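S.K.: Below are the sequence and a predicted model for it; my questions follow.
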Amino acid sequence: MSIAAPTRLADLTGTRRLFLLALRRDRIVAPLWALTIGLMPAIQLVSVKDLYSSPEQLDQFAATTAASPALLAMYGPVFGTSLGSIGTWKAGAMYTVIAIATILTVIRHTRVEEETGRAELIGATGIGRFAGLTAALLLTGGGSLLAGLVCALSLLGSGEPLAGSVAWGASLAASGLVWAGIAAIAAQASTGARVARGIAFAALGTAFALRAAGDAGNGVLSWFSPIGWCLQIRPYAQERWWVLLPLLTAAVFTIGFAYALLDRRDTGAGLIAERPGRPDATKSLSGAFGLAARLQRGALLGWAVGFALYGLLIGGAVGSIGDMLGDNDTLRELMDRMGGSSALEDSFITYALTLLAAVAAAYSVSAVLRLHDEETGARMEAALAGAVSRPWLAAAHLGFALAGPALLLLVASTAIGLVYAPQTADPEHTFDATVAAALVQLPAVWVVTGIAFALYGLLPRFAPFAWGVLSTMIVLYFVGSLDALPQWVMDLVPFTHPPKLPGGEFTAEPLLWLLAIATILLTAGMTGFRRRDLR
């Protein structure tokens, strides 16, 4: 199949208007993810800038990291012993985060538009065939370039060398462009947006697995992953500028291939043929809960697999933390402040589980917004036309939004305990403490669930803003952990309130307050959903 570039000007008619429409729709979300992702490497650098005050400490950090396959699999290798290289080491996760942001943005403005019928309606006017995809790619590409520019400027403003700062920003922007192209291909594959997201995220998961296996091994597999290419640019460690070439080539190829696929299918159709369903529904599909289970089970299973794998990596990395920090008392104090317990390994587990709780909250938001998708897709109206009440239908999806994070945190903590507990003097106690440390995070996650559901029930138009609320909380947690924010600001982040287990003292009062807040928000959302009209 030849790759057709959009050379026919008539097919691009209306691109500017669709781009302005997409920009207006994402006028808050798109700048938010671009700025957040772009600032994170500098935030990571600032967090450790004063912690490694001697070349010996930097050398020790790099040597310990190189000796830990689990740390290499989680974050990638440290290519140099400079402050810039080590200070931005963990920020390599932003290559994956920007991939998630671009995938969601491209599919939102392409396949979702076709699935809802808006693309066909717009296409009946004087809008060209390629205008919608081009507008989505311009928006996403612009966001990626903005993230790269913010990254380079913020690192440069932190006092780091120009070459490394530009390399970091360029690699971040290139990563976004590559995954925008992959998402554009996925958008052509299926008639459903959820399947398209599943295809794109499966590609992302494969790329992460190849990168992790390669970095933990001999490095060969990393070269089969776009995420691995980004790390191989090696900012602040004798930059490899030529690695940008395969990244940009992949971006051009995937985007061109997406146009070729779009040119060969009908609007609303997908390249993967839909299979006919069963003539009769199974018993498991009966009722609101059966329908919710069918809609939510695939996503929950995928998230659970990811949490299990990441839990195994964290469990393998815990034992290396003490060697990595050595006698650096300042960094030990920082870990204690972020984790809240006296034992360094306990602090690391607490910190890791807090971040996993934030990720579990992202699943919860996604589960709540499934209701939003059902309503805007006009499928909820058909369901409510039968003998199903609004509260019962909402409760079915809320069940997954509330129980799903509990399952995810249980899976992750079990994986951590299975790997880490046998290395301790009391494996049974360590395992139980790790699971308990994960479960006390649930009330904080449920507060985010309540915010998402309250927005959906009371202000359905602004329901997707729940992603912005969660992103803001994560940024505040990172920055506030460095004593850079007043306490009243940190108190707005629910993840700062659960008891710091394992190792810390358990107190029920903050958990009860979080549960009360979550209950009020869920009740407000349910009341609003019962009383308002469907959109």
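M.R.: Yes, it's here.
S.K.: Quick one: find the helix or strand in this structure with the lowest mean pLDDT.
M.R.: Lowest mean confidence among the helices and strands of the chain (mean pLDDT, DSSP states H and E): helix 329-339, at a mean of 53.
S.K.: which other helices and strands contact the next helix or strand after that helix?
M.R.: Helices and strands here follow DSSP states H and E; after helix 329-339, the next one along the chain is helix 344-376. Packed against helix 344-376 by the contact rule (3 or more C-beta pairs under 8 Å, 6 or more residues apart in numbering; DSSP states H and E) you find helix 287-318, helix 321-325, helix 329-339, helix 380-384, helix 390-420, helix 427-439, helix 442-458, helix 466-480. Heads up, the C-betas are built off the backbone N, CA and C, glycines and all.
S.K.: For helix 344-376, give the mean pLDDT please.
M.R.: Here helix 344-376 scores 86 as its mean pLDDT.
S.K.: got the angle between it and helix 287-318?
M.R.: 150 degrees (axes from the mean of the first three to the mean of the last three C-alpha atoms, to 10 degrees).
S.K.: Please state the offset of helix 344-376 from the chain centre?
M.R.: Taking C-alpha atoms, centre = their mean, to the nearest Å, one finds the center of helix 344-376 at 9 Å from the center of the full chain.
S.K.: Stretch 526-535 too?
M.R.: Distance of stretch 526-535 from the chain centroid (C-alpha atoms, centre = their mean) equals 29 Å.
S.K.: just use 19 as the starting number from now, easier for me
M.R.: Noted, 19 is the first residue going forward, which turns the last one into stretch 544-553.
S.K.: What's the mean pLDDT across it?
M.R.: 89.
S.K.: quick one: buried residues of it?
M.R.: Within stretch 544-553, the residues scored as buried using 16 or more other C-beta atoms under 10 Å are 544, 546-547.
S.K.: Out of those residues, which sit inside helices?
M.R.: Mapping those onto helices (DSSP state H) picks out 544, 546-547.
S.K.: picking that back up, with respect to burial, which of the helices and strands packed on helix 362-394 scores highest?
M.R.: Of all those, helix 460-476 has the most neighbours on average by mean count of other C-beta atoms under 10 Å, namely a mean of 26.
S.K.: What is the nearest of the buried residues of stretch 544-553 to residue 146?
M.R.: Proximity of the buried residues of stretch 544-553 to residue 146, judged by C-beta to C-beta, is greatest for residue 547, which lies at 39.1 Å.
S.K.: Tell me the spatial nearest neighbour of the closest one, not counting adjacent residues.
M.R.: residue 475 (3.8 Å; C-beta to C-beta, 6 or more residues apart in numbering).
S.K.: would JSON lines of the buried residues of stretch 544-553 with distance to residue 267 be doable?
M.R.: Formatted as JSON lines, those follow (distance: C-beta to C-beta, whole Å):
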{"residue": "544", "distance to residue 267": "51"}
{"residue": "546", "distance to residue 267": "50"}
{"residue": "547", "distance to residue 267": "48"}
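S.K.: Was I right to think residue 418 contacts residue 307?
M.R.: No. The pair residue 418 and residue 307 does not pass the contact test of C-beta atoms under 8 Å, sitting 9.5 Å apart.
S.K.: ok, so what distance separates the residue nearest to residue 547 from residue 463?
M.R.: 19 Å (C-beta to C-beta, to the nearest Å).
S.K.: what do you get for residue 440?
M.R.: Using C-beta to C-beta, residue 440 is found at 28 Å from residue 463.
S.K.: Spatially, which residue comes closest to residue 406, not counting chain neighbours?
M.R.: residue 306 (5.2 Å).
S.K.: contacting residues for that neighbour?
M.R.: Residue 306 makes contacts with 401, 406, 410-411, 413-414, as judged by C-beta atoms under 8 Å, 6 or more residues apart in numbering.
S.K.: Out of those residues, which comes closest to residue 471?
M.R.: For the contacts of residue 306, the minimum distance to residue 471 (C-beta to C-beta) is 10.7 Å, reached by residue 413.
S.K.: give the contact list for the closest one.
M.R.: Contacts of residue 413 by C-beta under 8 Å, 6+ apart are residue 306.
S.K.: And the pLDDT at it?
M.R.: In this model, residue 413 is scored at 92, pLDDT.
S.K.: again with residue 343
M.R.: Predicted confidence (pLDDT) for residue 343: 53.
S.K.: same check, this time on residue 71
M.R.: 62.
S.K.: swap in residue 122?
M.R.: The per-residue pLDDT reported for residue 122 equals 89.
S.K.: wait, residue 521 sits on residue 371?
M.R.: No. Using C-beta under 8 Å, residue 521 is not in contact with residue 371, being 12.0 Å away.
S.K.: neighbour count winner among the two?
M.R.: The neighbour comparison of residue 521 against residue 371 (other C-beta atoms under 10 Å) goes to residue 371, with 30 against 19.
S.K.: check contacts around that one.
M.R.: Residue 371 is in contact with 427, 430-431, 434, 455-456, 459, counting by C-beta under 8 Å, 6+ apart.
S.K.: Who are the contact partners of residue 525?
M.R.: Counting by C-beta under 8 Å, 6+ apart, residue 525 touches residue 517.
S.K.: Would you list the phi and psi of it?
M.R.: Per-residue torsions, residue 525: phi -130, psi 130 (degrees, to the nearest 10).
S.K.: Could you measure from it over to residue 518?
M.R.: In terms of C-beta to C-beta, residue 525 sits 10 Å off from residue 518.
S.K.: With residue 45 instead?
M.R.: 38 Å.
S.K.: These two: which has the busier surroundings?
M.R.: Per other C-beta under 10 Å, whichever of residue 45 and residue 518 has more neighbours is residue 518, with 24 against 10.
S.K.: hmm, back to that, I figured the residue nearest to residue 547 was touching residue 552, is that so?
M.R.: No. Between residue 475 and residue 552 there is no contact under C-beta under 8 Å: 11.9 Å.
S.K.: which residues are in contact with both of these two?
M.R.: With C-beta under 8 Å, 6+ apart, residue 475 and residue 552 have no common neighbours.
S.K.: For residue 195, identify the helix or strand it belongs to.
M.R.: helix 180-207.
S.K.: Pull out the buried positions in that helix.
M.R.: Applying 16+ other C-beta under 10 Å to helix 180-207 flags 182-207 as buried.
S.K.: same check, this time on stretch 519-536
M.R.: 519-522, 528-529, 532-533, 535-536.
S.K.: ok, residue 78 to residue 435 distance?
M.R.: 28 Å.
S.K.: Return the residues in contact with residue 147.
M.R.: 29, 141, 280-281.
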